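K.L.:
got a predicted structure here, sequence first:
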Amino acid sequence: MKNDDNTGQNDVDNIDIAGYTLDVEMSNDYYSAFLIVDVFNENIKISAKEIEQIIEEKNIVHGIDYSMIEKIVQNPVEGKYLIAVGKKHINGKNAEIQYKFDVNTKLRPEENDDGSVDFKKMNLLRKAEKEDVLAIKIPIVEGENGVTVTGKDIYAKKGKDINFRIGKGVIISEDGLSIRAEYAGAISFENNKISISEILDLRKGVGVSTGNINFHGKVVIDGIVETGFEVKATDDIIINGIVEGATLISGGSIEISKGVQGNDNAIIKCEKDFKARFVNGTNLTVGGDINVDIVMHSTVACNGKLTANGKNGTVVGGEFTVKKGISAKIVGSEMGTQTILKIGIDNELLTNYKNAGEDSKKYSNEFRELEKDEKQLKKKIEDGNRNQLVMVKYKKILERMKEIKPLLDKATADVKEIRSQFESLKGSNLEADLVYPGTKINITNSFFNVKDKIERVMFTKQDGDIKIIGR
C-alpha cells in the first residue's frame, strides 16, 4: 500500500514503507523463503535493517542469503527474491540384492504362440560355473536430516538393510557385497535362499552300464531310464528322454522331456512339481503340481493341481487323487474306460485330523477331572487337613496337570490348523472340454457318476452336492 507520509504500518505480515512494501513468502516445505518487493514510487531506498526485521518477524533463522539482502539494498527493484534456503532432507535408500540369474524359473510347460504347450523345452535347470557371481548387494544409503529456513529439524527416513541368504556351495565376499559359486553345479533358489547343488550328468541313460543311481544333488539324464532300475536324488531329476518301468525318487521336482511308459511297473515320487509329455502305467506321487499332455492307466496322488491341457490333454483310466483340482481337455474315453477322480481329498490330513481330535478330547476330559480333584484337595488343605496322603495326592495332581497342559494345547492347535487346511481345499473342481461316461467323480465326500458324454463343463461342490456348470 502506498504511504506518502512515511509512516510505516505495524503489520505482522509486511512492513509498509513510503513508496514500497516488503513481504515474505514461504515454500510449502519451508525449505525456501522469498522476499516480495512491491514498488509504488521511483527513487526509493530500502535498508538492510528493514529487510532483516521482516525476516525476523517471519522466524527465518537458517540459510539467510545476506548477499541477496545487500543486492536488494543496492538496487531496490520490484520483484521476488530468494532470501533464505534451508537444507533439504534426503531419505535413505534400502539395501538391494541384484540376482545374476533368472529367479522366476518354474516347472511349467512352455507355451507356444498359438497357445499350445511344448513339453520338449526344458528350462528348469539353472547352471553355475565355479566362481560365477550369483548376486550382488547394493549397500544401504544413509539418509541426511534437513533444516527448514525457520530452523526446524526434519529427520530423514532411514534405509533398511538386507543380507544374503546362502546355503551350501555359496561363498560370500570379504566386503559382504557379493556371493559366488564355490563349485560348478545347479542353482537352487528357495525363499530367497541361494545354494549350489552338484550335478550328476548321465549322458547314456540309466541301465546295466550305470546300475542304480543314488545322488546327493541334481541328476540330469540323456536317454532311457530302463525297466527295473532306480534313480534317487535329493534335488531335481531331469530326463531328456523316456522312462520305462523304473523307479524315480526326487527330493525336488521331476521333468521328463518325453514321458513314462511304465507298463504298470514304474514308480515315481517327487516332493515338488512333475512335468512330462505322457504318463502310462505308473504309480505317481507328487507333492506339488502335475503338468502333462496325457496321463493314462495310472494311480496318481497329487498335493497340488493336475493340468492336462497340451495338444491331446487327456486324463483316462486309473485312479487320481488330487487335492487342488483337475483341468483337462478330455477325461475318460469313448470306450467307457473307468476313470476315478478324487478331488479335494487328503487322506493323510483326515487321519491327522482324527488323531488330533481324539487327543484333544482325551486330554481335555482328563484335565477337567484333574481340575475338579485339585479344587477339592485344595479346599481340604486350606481347611487344615494336611495329612501326608492328601499332600502327596495334591502334588501328583499338580504334576500331571503340568504334564498334559502342553499336550492339550498342541492337540487343540493342531485341530485348528488342520481345519484351516481343509478350508484351503474348498473350491477344488474338475474342468474339462469333454467328459465321457465311465468317469466317477468324488469331490470331498460327494459323488457323481458320469453316464452321458458332457462337453465344456465344470464339476464343483455346492450345498453338499456336486453341481455341473457349463463353461
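P.N.:
Ah, there it is.
K.L.:
for the rest of this, base every contact and every neighbour count on C-alpha atoms.
P.N.:
Noted.
K.L.:
tell me how far residue 226 lies from residue 180.
P.N.:
Relative to residue 180, residue 226 is positioned 37 Å away (criterion: C-alpha to C-alpha, to the nearest Å).
K.L.:
higher neighbour count, the two?
P.N.:
residue 180 (21 against 18; other C-alpha atoms under 10 Å).
K.L.:
outline the domain layout of the protein.
P.N.:
The record, using automatic domain parsing to delimit domains, assigns the chain the ranges 9-85, 96-195, 198-288, 348-425.
K.L.:
quick one: mean pLDDT for the shortest one?
P.N.:
Spelled out, that is domain 9-85. Domain 9-85 shows a mean pLDDT of 86 in the predicted model.
K.L.:
got the domains of the chain as JSON lines, with distance to residue 321 columns?
P.N.:
Formatted as JSON lines, the entries for the domains of the chain read as follows, by distance: least, C-alpha to C-alpha, whole Å:
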{"stretch": "domain 9-85", "distance to residue 321": "63"}
{"stretch": "domain 96-195", "distance to residue 321": "21"}
{"stretch": "domain 198-288", "distance to residue 321": "10"}
{"stretch": "domain 348-425", "distance to residue 321": "12"}
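K.L.:
which one, of those domains, ends up nearest to residue 459?
P.N.:
Set against residue 459 and scored by C-alpha to C-alpha, the domains of the chain come closest in domain 348-425, at 14.7 Å.
K.L.:
most packed of the domains of the chain?
P.N.:
domain 198-288 (a mean of 21; mean count of other C-alpha atoms under 10 Å).
K.L.:
the lengthiest helix in the chain - contacts with which helices or strands?
P.N.:
Ordering each helix of the chain by length in residues (DSSP state H) puts helix 388-425 first. Using 3 or more C-alpha pairs under 8 Å, 6 or more residues apart in numbering; DSSP states H and E as the contact criterion, the elements in contact with helix 388-425 are helix 347-382.
K.L.:
measure the most centrally placed residue in the chain to residue 181 for me?
P.N.:
When the chain is reduced to its mean C-alpha position, the nearest residue by C-alpha atoms, centre = their mean turns out to be residue 191, at 7.6 Å. If you measure residue 191 against residue 181 using C-alpha to C-alpha, the figure is 18 Å.
K.L.:
same check, this time on residue 77
P.N.:
Separation of residue 77 from residue 181 (C-alpha to C-alpha): 69 Å.
K.L.:
ditto for residue 149
P.N.:
Counting by C-alpha to C-alpha, the gap from residue 149 to residue 181 is 53 Å.
K.L.:
helices along the chain, start to end?
P.N.:
Listed from the start of the chain, the chain has helices (DSSP H) covering 48-57, 66-74, 347-382, 388-425.
K.L.:
TSV for those, including distance to residue 155?
P.N.:
As requested, those are exported to TSV (distance: least, C-alpha to C-alpha, whole Å):
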stretch	distance to residue 155
helix 48-57	24
helix 66-74	27
helix 347-382	53
helix 388-425	44
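K.L.:
which one of those helices lies closest to residue 201?
P.N.:
Sorting the helices of the chain by C-alpha to C-alpha, the top spot, which is the nearest, belongs to helix 347-382 at 35.5 Å.
K.L.:
now do that closest one against helix 388-425, angle only.
P.N.:
150 degrees (axes from the mean of the first three to the mean of the last three C-alpha atoms, to 10 degrees).
K.L.:
for helix 347-382, packing partners?
P.N.:
With contacts defined as 3+ C-alpha pairs under 8 Å, 6+ apart, the secondary structure elements packing on helix 347-382 are helix 388-425.
K.L.:
low pLDDT regions in this protein?
P.N.:
Judged by pLDDT under 70, the chain has its weakly predicted residues at 1-18, 105-125, 346-347, 422-427.
K.L.:
between the two ends of stretch 150-169, how far is it?
P.N.:
Distance between the boundary residues of stretch 150-169 (C-alpha to C-alpha) amounts to 56 Å.
K.L.:
need the contact partners of it.
P.N.:
Here stretch 150-169 makes contact (C-alpha atoms under 8 Å, 6 or more residues apart in numbering) with 30, 59-62, 89-97, 139-148, 181-183, 192-197.
K.L.:
between the domains of the chain, which one is nearest to residue 301?
P.N.:
With C-alpha to C-alpha, the closest approach to residue 301 among the domains of the chain belongs to domain 198-288: 4.8 Å.
K.L.:
and the closest one, end to end?
P.N.:
The first and last residues of domain 198-288 sit 23 Å apart, counting by C-alpha to C-alpha.
K.L.:
bridging residues for residue 283?
P.N.:
Residue 283 has the following beta-bridge partners by DSSP bridges: residue 267, residue 299.
K.L.:
what sits against it?
P.N.:
For residue 283, the set of contacting residues under the criterion of C-alpha under 8 Å, 6+ apart consists of 264, 265, 266, 267, 268, 298, 299, 300.
K.L.:
kindly report the same for residue 172.
P.N.:
Counting by C-alpha under 8 Å, 6+ apart, residue 172 touches 178, 179, 180.
K.L.:
the last one and residue 129 touch, don't they?
P.N.:
So that's residue 180. No - with contacts defined as C-alpha atoms under 8 Å, residue 180 does not count as touching residue 129, sitting 9.3 Å away.
K.L.:
mutual contacts of the two, please.
P.N.:
With contacts taken as C-alpha under 8 Å, 6+ apart, not a single residue reaches both residue 180 and residue 129.
K.L.:
separation between residue 181 and residue 138?
P.N.:
Note on residue 181: its distance to residue 138, by C-alpha to C-alpha, is 19 Å.
K.L.:
what do you get for residue 199?
P.N.:
When C-alpha to C-alpha is the yardstick, residue 199 and residue 138 sit 31 Å from each other.
K.L.:
of the contacts of residue 172, closest to residue 36?
P.N.:
Ranked by distance to residue 36 (C-alpha to C-alpha), the contacts of residue 172 are led by residue 178 at 54.3 Å.
K.L.:
with adjacent residues omitted, what lies nearest to that closest one?
P.N.:
Nearest-residue entry for residue 178: residue 136, 4.2 Å, with adjacent residues in sequence omitted and distances by C-alpha to C-alpha, 6 or more residues apart in numbering.
K.L.:
then residue 334?
P.N.:
The shortest distance from residue 334 to any residue that is not its chain neighbour, by C-alpha to C-alpha, 6+ apart, is 6.3 Å, and that residue is residue 436.
K.L.:
do I have it right that that neighbour meets residue 339?
P.N.:
No - with contact defined as C-alpha under 8 Å, residue 436 does not reach residue 339; the gap is 9.3 Å.
K.L.:
between these two, which contacts overlap?
P.N.:
With C-alpha under 8 Å, 6+ apart applied, the overlap between the contact sets of residue 436 and residue 339 consists of 331, 332.
K.L.:
which residues touch residue 333?
P.N.:
Counted by C-alpha under 8 Å, 6+ apart, residue 333 has contacts 316, 435, 436, 437, 438.
K.L.:
again with residue 399
P.N.:
Residues in contact with residue 399, defined by C-alpha under 8 Å, 6+ apart, are absent; none qualify.
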